[in-house]
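# From the sequence below, what's the structure:
(one chain, ligands or ions: 1)
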Amino acid sequence: MTFSDQLSRVIRTIPDFPKPGIQFKDITPILQDPALLRATADALAEPYRNRGIEKVVGIESRGFLFALMIAERLEAGFVPVRKPGKLPAKTIQASYALEYGFDTLEMHEDALKTNEVVLIHDDVLATGGTAQAVAGLVTQLGANVVGYSFLIELGFLNGRDRIGEITVEALIRY
Ligand code: AMP
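Numbers count the residues shown, from 1 in each chain. The predicted structure follows:
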């Protein structure tokens, strides 16, 4: 059994959450299993070793879970992107369309330096709107996105096309 098969066996699909028609991918069973948790973080970090990543940007809130573990493995820093009103210092904002609605995200304006090498991580790549908006925040601060990392890619939503030519890695594709 491949590692990807192993992960798909434990990830739960919850129908009609948080809205009718959404097949929600619940990654919490991975977190409950110490060996799987560690192996997942290793697998997510692996493609980005020796890529000179200086900061891993994690997207609220499920994106935080593995972004921090990836950052630790790559000896990089971690930057949280959060929902409006959560970050205490001065922020920049981006608004974007979700698979289920619209939202705004914020990043501290001093979170990244010019030309810093950045990896963006989230749990699920759906339409790619969120990742694209976060890449916009990174670019606004003059840093460079060199890759995206996801646990799960919902391939039928073609999010990959939206976020372009930069490396996109996902452990599981549905
Ligand atoms: P998108 O902007 O459409 O790529 O949506 C990605 C964001 O929405 C991520 O932060 C995901 O956590 C969340 N998301 C979208 N679809 C799902 C899904 N089917 N299951 C779990 N999370 C999802």
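# thought Val138 was touching Tyr148?
No. Applying CB atoms under 8 Å, one finds Val138 not in contact with Tyr148, separated by 10.9 Å. Every C-beta, even on glycine, is put in place using the N, C-alpha and C of the backbone.
# higher neighbour count, those two?
More neighbours surround Tyr148 than the other of Val138 and Tyr148, with 26 against 23 (other CB atoms under 10 Å).
# Which of the three states applies to that one?
Secondary structure for Tyr148, judged by DSSP: H, G, I helix; E, B strand; the rest coil, is strand.
# Give the burial count for Ile120, as a bare number.
Neighbour tally, Ile120, other CB under 10 Å: 29.
# Which helix or which strand is home to Asp95?
Wrong residue type there; residue 95 is Ser, not Asp. strand 91-98 (DSSP states H and E).
# ditto for Val118
Assessed by DSSP H and E, Val118 sits inside strand 117-125.
# Other residues contacting the one helix or strand Val79 maps to?
Assessed by DSSP H and E, Val79 sits inside strand 77-81. Strand 77-81 has contacts (CB atoms under 8 Å, 6 or more residues apart in numbering) with 54-60, 63-64, 67-68, 71, 87, 105-108, 111-112, 118, 134, 137.
# can you rerun that using 10 Å?
Contacts to strand 77-81, defined as CB atoms under 10 Å, 6 or more residues apart in numbering, come from residues 53-61, 63-64, 67-72, 86-87, 91, 94, 105-108, 111-112, 116, 118, 120-122, 130, 133-134, 137-138, 141, 143.
# Could you see whether the ligand lies near it?
No. Strand 77-81 does not reach the ligand (CB under 6 Å from any ligand atom); its nearest approach is 9.9 Å.
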